[in-house]
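> I would like to see how this sequence folds:
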Amino acid sequence: MRENRIRSIWQAGGAVVNGWLAIPNGFAAETMAHQGWDALTIDMQHGVVDYQEAVNMLTAISTTQTVPMVRVPWLDPGIIMKMLDAGAYAVICPMVNNREDAEKLVAATKYPPQGSRSFGPIRALLYAGADYGKKANDTVVTFAMIETREALDNLDDILSVEGLDAVYIGPADLSLALGCTPKFDQDEKEVVEAIDYILARAKAHGVVAGIHNGTPEYALKMIEKGFQFVTVASDARLMAAGAQQVVATMRNGVAKPTASSGY
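Reported below is the predicted structural model:
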C-alpha cells in the first residue's frame with residue numbers, strides 16, 4: 001500500500017505543512033500539488049466543491065507525492081466513507097463535540113472489526129494499491145475538529161477515543177464560540193488560552209494537534225509551540241493575495257497621465 005507521508009512525518013517528529021483547496025478545479029489542485037506541500041485538503045464544508053469535482057481534484061493531486069485529504073461537510077458516515085473510497089488518505093470532520101461524535105467518526109473511517117466502514121474502495125485501490133483493504137485502518141488518518149465550547153468541555157473524552165489520530169482547531173468557529181472575533185492567527189487572550197489548552201491535552205493523550213493559519217509566520221509559531229499539522233491560507237486566498245500584489249505594483253508604477261489643455 002502507498003505510504004501515508006503524514007504518518008511518516010509525525011513518526012519522525014516533524015510537522016506536516018498542509019495546503020487548502022476551496023476552488024473546485026482539477027488543474028488548480030494539480031498546480032497546488034506541484035508546489036511541494038506535504039498534504040492538500042479539499043474543503044467540502046466551506047469550499048464550493050462537490051463530490052465529482054473532488055474526485056477530479058484527488059486524481060490531480062495523485063500526480064505528486066502530496067498526500068490527498070478531504071474536509072467533509074459534516075459528521076455523516078456516508079460522505080466520509082465515499083471520500084475515503086475516492087482515495088482520500090485523511091479526513092477532517094467539523095464540529096466533533098463529544099465522545100459519541102468522535103466514536104462515530106472513527107467508526108466511519110475504519111473497516112470492521114475496529115469500525116463500521118463499508119467495503120468498496122473503488123478509486124482508493126488505484127491510488128493506494130491492491131492491499132488497501134488489509135492496510136487502510138493503519139494508514140488513513142482521522143482528524144476531529146475542535147471548535148465549540150461543548151468540544152472544549154468534553155475534550156478529554158474526545159481525545160481518549162481509540163483510533164482518533166489528531167484534532168484540528170478551527171480558529172474562526174472557536175473564536176465565535178468564545179465570544180471573540182472570528183479570524184485566523186488569533187491574539188485574543190481567551191482564544192489563545194483555548195488553543196494552548198487543546199494542544200496540551202492532545203499531547204497528554206498522544207494525539208496530534210493541528211491548526212488552520214492565515215500566514216506562514218503564525219504557522220511557524222504554532223510549530224514552535226508543538227503543533228505537528230499546520231494549514232496556511234488557501235488556494236483562493238493565495239490567488240487573491242498574489243493578484244493584489246501584482247495590481248498594486250502596477251498601479252504604483254504606471255505614470256499618471258498629465259492634464260492637457262487640448263491645444
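
> who's in contact with M69?
6, 18, 39-42, 88-92, 141 (C-beta atoms under 8 Å, 6 or more residues apart in numbering). The C-beta positions use only the backbone N, C-alpha and C, and glycine is treated the same way.

> Which one of these is nearest to A108?
Using C-beta to C-beta, V91 comes nearest to A108 of those, at 8.3 Å.

> The closest one in helix, strand or coil?
strand (DSSP: H, G, I helix; E, B strand; the rest coil).

> Distance check, it against S175.
In this view, V91 and S175 are 24 Å apart by C-beta to C-beta, to the nearest Å.

> before we move on, the earlier item: let's have the contacts of M69 in CSV, adding neighbour count, distance to N25 and pLDDT.
Converted to CSV, the contacts of M69 look like this (neighbours: other C-beta atoms under 10 Å; distance: C-beta to C-beta, whole Å; pLDDT from 0 to 100):
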residue, neighbour count, distance to N25, pLDDT
I6, 25, 24, 98
N18, 25, 19, 98
A39, 24, 19, 98
L40, 25, 13, 98
T41, 26, 15, 98
I42, 27, 11, 98
A88, 29, 17, 98
Y89, 25, 21, 98
A90, 27, 21, 99
V91, 24, 21, 98
I92, 30, 20, 98
V141, 23, 25, 98
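
> Contacts for the helix ranked longest in the chain, please.
In the chain, assigned by DSSP state H, the helix with the most residues is helix 235-253. Defining contact as C-beta under 8 Å, 6+ apart, one finds that helix 235-253 is touched by 19-23, 28-29, 32, 214, 233.

> And for stretch 213-230?
Contacts of stretch 213-230 (C-beta under 8 Å, 6+ apart): 6, 9-10, 14-18, 143, 166, 168, 183-185, 196, 199, 203, 208-211, 231-233, 237.

> Which strand or helix spans M32?
Using DSSP states H and E, M32 sits in helix 26-33.

> and if you look at H46?
Applying DSSP H and E, one finds H46 in no helix or strand.

> okay, it: pLDDT?
You'll see H46 listed with a pLDDT of 96.

> Fine, thanks again, bye for now.
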